[in-house]
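J.: Build me a model:
(chains A and B)
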2 protein chains.
Amino acid sequence: MKTKSGHPTSSMSAADLMAVLLAKYLHYDFDEPENPNNDHLVFSKGHASPLLYSMFKAAGAVSDEELLTFRTFGSRLEGHPTPEIPWVDVATGSLGQGLPYGVGIALAGKKLDRLPYRIWVLCGDSEMAEGSMWEAFEHAAFEGLDNIVAVIDVNRLGQRGETMHGWDLDSYANRAKAFGWHAIEIDGHDVEATDRAYAEALETTGKPTVIVAKTKKGKGVKAVEDKPGFHGKALDDPEQAIEELGGVRNIVVDVAKPKPGQPHVFETGKLELPSYDEGDEVATRKAYGDALEALGAGRGDVVALDGEVSNSTYAEEFAKAYPDRYFEMFIAEQQLVAAAVGLQVRKWKPFASSFAAFFTRAYDFVRMAAISRANIKLCGSHAGVSIGEDGPSQMALEDLAAFRAVHGSTVLYPCDGNQTAKLVGEMADRDGIVFMRTTRGATPVIYGPDEEFPVGGSKVVRSSDDDEVTIVGAGITLHEALKAADELAENGVNARVIDLYSVKPVDVETLRSAAEATGGRVIVVEDHWPEGGLGDTVLDAFADSDERPRVIKLAVRDMPGSGKPAELLAAAGIDAEHIAEAARRLVESPAQASVR
Amino acid sequence: MKTKSGHPTSSMSAADLMAVLLAKYLHYDFDEPENPNNDHLVFSKGHASPLLYSMFKAAGAVSDEELLTFRTFGSRLEGHPTPEIPWVDVATGSLGQGLPYGVGIALAGKKLDRLPYRIWVLCGDSEMAEGSMWEAFEHAAFEGLDNIVAVIDVNRLGQRGETMHGWDLDSYANRAKAFGWHAIEIDGHDVEATDRAYAEALETTGKPTVIVAKTKKGKGVKAVEDKPGFHGKALDDPEQAIEELGGVRNIVVDVAKPKPGQPHVFETGKLELPSYDEGDEVATRKAYGDALEALGAGRGDVVALDGEVSNSTYAEEFAKAYPDRYFEMFIAEQQLVAAAVGLQVRKWKPFASSFAAFFTRAYDFVRMAAISRANIKLCGSHAGVSIGEDGPSQMALEDLAAFRAVHGSTVLYPCDGNQTAKLVGEMADRDGIVFMRTTRGATPVIYGPDEEFPVGGSKVVRSSDDDEVTIVGAGITLHEALKAADELAENGVNARVIDLYSVKPVDVETLRSAAEATGGRVIVVEDHWPEGGLGDTVLDAFADSDERPRVIKLAVRDMPGSGKPAELLAAAGIDAEHIAEAARRLVESPAQASVR
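T.: The predicted structure is shown next:
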């Protein structure tokens, strides 16, 4: 390796395990990575990328020359694997994630594609400390996923010392068994034992198998073998190491191709999104459920998941109508998002829902999903203080900030039923991490059923030629903004109201022209902390514009408690009354327009 | 209850379990909640708050009158318990968190306070699906915490249906045993069995105990008992229910007070923060480690934890010097943060560190820690693309956004060793969630050792009377900003450079006066996504100001790969060259100052 960094010792411990897999058990057509019958190989211990890339080389997929670009600028052979490489399904490198993703792919294989491909996941022993691994163990067993095989590379040494369990293989095997897995303990450098273990895994039905392999970190090179202090370090003397390992050999493995087969297709009818009558009251979370069910009727590739709150998010409508395409992930939000990522590996269109607040539990998975270039749709309900009595633990007040700060993400926040339905329809084919925020309480339907809501757009809901102030809201606050505009109008102040339903990407043009038309006076009101949400989005839209209005951010600034939604909106200063008051103050202050 | 919402059925299943605890096993002085000898009672199933508050009433701590304020605006008896109530240690309501917090308190009892108080944690069966619960099981057993007792209320019914394991008590008990716990299965409505189980837990040494109790949701009221569809719903006929339960009784329990005892105190010497010579190169992560060790020497209340990367975050310096006050949390970031929250319950000052990227794993715990009014200090290393070869999975690019959007948080981002040391010193006594972002690579020391860096301040690092543009940076980008300023100066453009080391709270005044002095031209450069970080912070500072400068945000906009730090900074457009170029363009454009 040319690079002076990386994790050679973590690769060497698993080399024997992976050699046997590649030579005899993996079925993969490297010429056709999109072949639906391919097995899936996930390196949950993503830092063992030198081993993974060496496997690609042995399979003839990567040249010697490319292998030497490892970890250099512009190379797809990054420090940790990502789907920039066509044979990599998911990005890993944040430990504890590969197995949960593998469970998602296994669900696709068993329940959706209905193909016999197998999912092989190489796990590190250190990452067994991550709770997400046990969410994966739990779900794989619960779903009877005998198409997934986890291999734990028990090399005993973590980054800074020994793991909790060292070489106590039983500790891992017993936990796995208690969680309902078949467990096999082996010496991971005994290739015959490894061979037998894989064969046993193939024969095991009704439950997943874990192979717990005792290995030595840095195996085969005396200077580092089973010694602490060499994690994530290039070898001091690579020439000597190569010699010890048997010299330069260009082993070529003829990887078995998978048997042909066609993935299952779900028959569907016509796609007809729900619509609601103007003036009716409907919660956007309910409209989400209605629209999701409609998507299910119209598209066989749409699947849904929920974290044991489907009667709150209304994902239950899809679950009842299309149980074959619904996955109950129970209260395990990390596995919820990971399963969605796994399902989209096989081109399914997963919609995963929970309370918006609880997606914070899976934020690392969302972050990594972006690095995986994953196409997943997440719907978070019960946003903001407007949920009322349940109190702050259930109120998402940071979700917009968190999801905006995800690479390539889309953030949607509808205010009425028809808008929600249309946006859910658009989510299905939108790439990247698409997040929709819904509201607990019912809100009036203000748009007609034929109105369109393109992602990246906004709606000017109220305007006149003599507007003096722009009020920007979304979701619940859009309705408060409208009420405030009514009140202001009664008192002779015309306000332009913008519904910023597409928080990211944002409609810069409409915001800028509204600000210009209203004397550079803008109020943004959001049911969210002041940081990173609607207010910051609007400020960003004006950052380098020629006209930079004065922007008043109304947001939740004190820790809320329990109470009625109206009481909490008022206490946070984001209800109609506070908006109107802020608008009056702003209009009465000196002219706001900035000059070039 | 006056409120028409809440979770009565989830409370009724555990009422017998808690009655026995309160009557015979809990040691707690309700008149003196700060008594260090008090037991700790954590409702991990926070939605059973009606039961918890009823216990407070039975103990004479809460009046009937107050109990009727449940879930109403202004009441401390919120939908889910928070430390607004003096007898509540931690906020719960996001499931899967109470037990990990309990482990933190148990660590304090066993390793720091060295007092025999006991931690009782009431868990729901649904929340056993959360991986964080298994992180807690793992750690409690590893640390031999026989001072914690978990009670699992297996009422079989989750929010929308049955749990994965129903009434299969063995499934929970076997998992717990495999994780190293003593497990007792009982009928949770058999008070004698419950009594025996608690007694057995007290007698069990060397390992924690879990009581797996079979219960009925809605126990005692026919209309709801063991029936699905009644989660989180007020009873239809509360009068009838009260009658069935034996009528209105004002049971008063004389809760046993704890035995007196004094918490252990760690003897310490003089607090002398490290200092570095100007011009030397030192990584801020190294300075963090040095300063943390110095804090350890000077203050016995400072303790440290790390997520198995202490040789990267440099928490290892503290670990080596003060092993009695250091907790290795392995690769379990949720338990890492939860332990910190638990330790601060007992007034210790926890500093928890990991890669900044991996704190996203614990974002829900950080969110809840704010609701717990917890005082914890988190240090995230390896921020941004400047880490280089390891690639995006290890790069924190959303941490500033995430931590800014935490209520009452402090966000610090130092650029040199002396600044880091001073800020670490300030962190110790700062309330709330305090996050410091550190950099992997060494950066030049630019401040003298006597310089002060108050939280909420900033430093004007370069200025002249004829500055034409303000460049705002922090951490790694401050150094790039300085280089850019040098280059600009050579070409006749004077730039003012601001070191915005305190990202939150932010020094609005200095930013505003700099913008005014430099013709309304501001460039913000950050090693972070464009959303929610330094750029949005700066925009917010100008939002409603009279002068609103043109702000150019330089940030990471494309997904980075591997490469040398300098290559990645250049590719992201946030190195000195790109800053200088942006500054030149801005200066050449028309005047920027906005008018009132």
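
J.: Show the contacting residues for the closest residue in space to A:Met55 that isn't next to it in sequence.
T.: Closest residue in space to A:Met55, ignoring its immediate chain neighbours: A:Leu22 at 5.4 Å, by C-beta to C-beta, 6 or more residues apart in numbering or on different chains. The way it works is simple: take the backbone N, C-alpha and C, and place the C-beta from them, glycine included. For A:Leu22, the contacting residues are A:Met55, A:Ala58, A:Ala59, A:Val253, A:Val255, by C-beta atoms under 8 Å, 6 or more residues apart in numbering or on different chains.

J.: which among those gets closest to chain B?
T.: A:Met55 (18.6 Å; C-beta to the nearest C-beta).

J.: how many other residues sit next to that closest one?
T.: 23 (other C-beta atoms under 10 Å in any protein chain shown).

J.: show me the contacts for it.
T.: A:Met18, A:Leu22, A:Leu41, A:Val253.

J.: Which pLDDT does the model give the second one?
T.: Translated: A:Leu22. The model reports A:Leu22 with a pLDDT of 98.

J.: try A:Gln592
T.: In this model, A:Gln592 carries a pLDDT of 54.

J.: What is the lowest-mean-pLDDT helix or strand in chain A packed up against?
T.: In chain A, no helix or strand scores lower on mean pLDDT, DSSP states H and E than helix A:238-244, which sits at a mean of 89. On a contact count with 3 or more C-beta pairs under 8 Å, 6 or more residues apart in numbering or on different chains; DSSP states H and E, helix A:238-244 meets no helix or strand.

J.: which parts of it are buried?
T.: A:Ala241 (16 or more other C-beta atoms under 10 Å in any protein chain shown).

J.: Moving C-terminal from it, which element do we reach first?
T.: strand A:281-283 (DSSP states H and E).

J.: Check which helices and strands that next one sits against.
T.: Strand A:281-283 packs on strand A:442-444, going by 3+ C-beta pairs under 8 Å, 6+ apart.

J.: Go through the strand it packs on and flag the buried ones.
T.: Neighbour-count burial for strand A:442-444 [16+ other C-beta under 10 Å]: A:Thr443.

J.: and that strand, average pLDDT?
T.: pLDDT averaged over strand A:442-444 gives 98.

J.: follow-up on the earlier one: so the residue nearest to A:Met55, which state does it fall into?
T.: Three-state assignment for A:Leu22 (DSSP: H, G, I helix; E, B strand; the rest coil): helix.

J.: A:Thr420 now?
T.: helix.

J.: now swap in the one 3 residues further on and tell me
T.: What three-state DSSP gives for A:Leu423 is helix.

J.: A:Phe435 is in contact with that one, correct?
T.: No - with contacts counted by C-beta atoms under 8 Å, A:Leu423 stays clear of A:Phe435, the gap being 11.1 Å.

J.: So A:Val587: helix, strand or coil?
T.: helix.

J.: So it versus A:Asp465, what's the distance?
T.: Distance of A:Val587 to A:Asp465, given as C-beta to C-beta, to the nearest Å: 16 Å.

J.: Chain B contacts on the stretch 351-500 of chain A?
T.: Where the stretch 351-500 of chain A comes near chain B, counting by C-beta under 8 Å from any C-beta of the partner chain, the residues are A:357-358, A:360-361, A:363-364, A:367-368, A:370-371, A:388-394, A:397-398, A:401-402, A:404-408.

J.: can we see that at 6 Å?
T.: Proximity of the stretch 351-500 of chain A to chain B, by C-beta under 6 Å from any C-beta of the partner chain, involves residues A:360-361, A:363-364, A:367, A:371, A:389-393, A:398, A:401-402, A:404-405, A:407.

J.: what helix or strand does A:Glu308 sit in?
T.: A:Glu308 is part of no helix or strand, with elements assigned from DSSP H and E.

J.: for it, what are its contacts?
T.: Residues counted as contacts of A:Glu308 (C-beta atoms under 6 Å, 6 or more residues apart in numbering or on different chains) are A:Phe330, A:Ile331, B:Gly158, B:Gln159.

J.: Of those residues, which is the nearest to A:Gly279?
T.: B:Gln159 (31.7 Å; C-beta to C-beta).

J.: What's the separation between that closest one and B:Ser11?
T.: 14 Å.

J.: Tell me which of those two has more neighbours.
T.: A count of neighbours by other C-beta under 10 Å puts B:Ser11 above the other of B:Gln159 and B:Ser11, at 24 against 19.

J.: Name the SS class of that one, please.
T.: B:Ser11 ends up helix, using three-state DSSP.

J.: Check it and give its pLDDT.
T.: On the pLDDT scale, B:Ser11 is placed at 93.

J.: Distance of the closest residue to it other than its chain neighbours relative to chain A?
T.: Once flanking residues are discounted, B:Ser11 sits nearest to B:Leu51: 3.6 Å by C-beta to C-beta, 6+ apart. Counting by C-beta to the nearest C-beta, to the nearest Å, the gap from B:Leu51 to chain A is 16 Å.

J.: burial of the one residue in the stretch 101-250 of chain A that gets nearest to chain B, as a residue count?
T.: As assessed by C-beta to the nearest C-beta, chain B sits closest to A:Gly131 within the stretch 101-250 of chain A, at 2.4 Å. Close neighbours of A:Gly131, defined as other C-beta under 10 Å, add up to 27.
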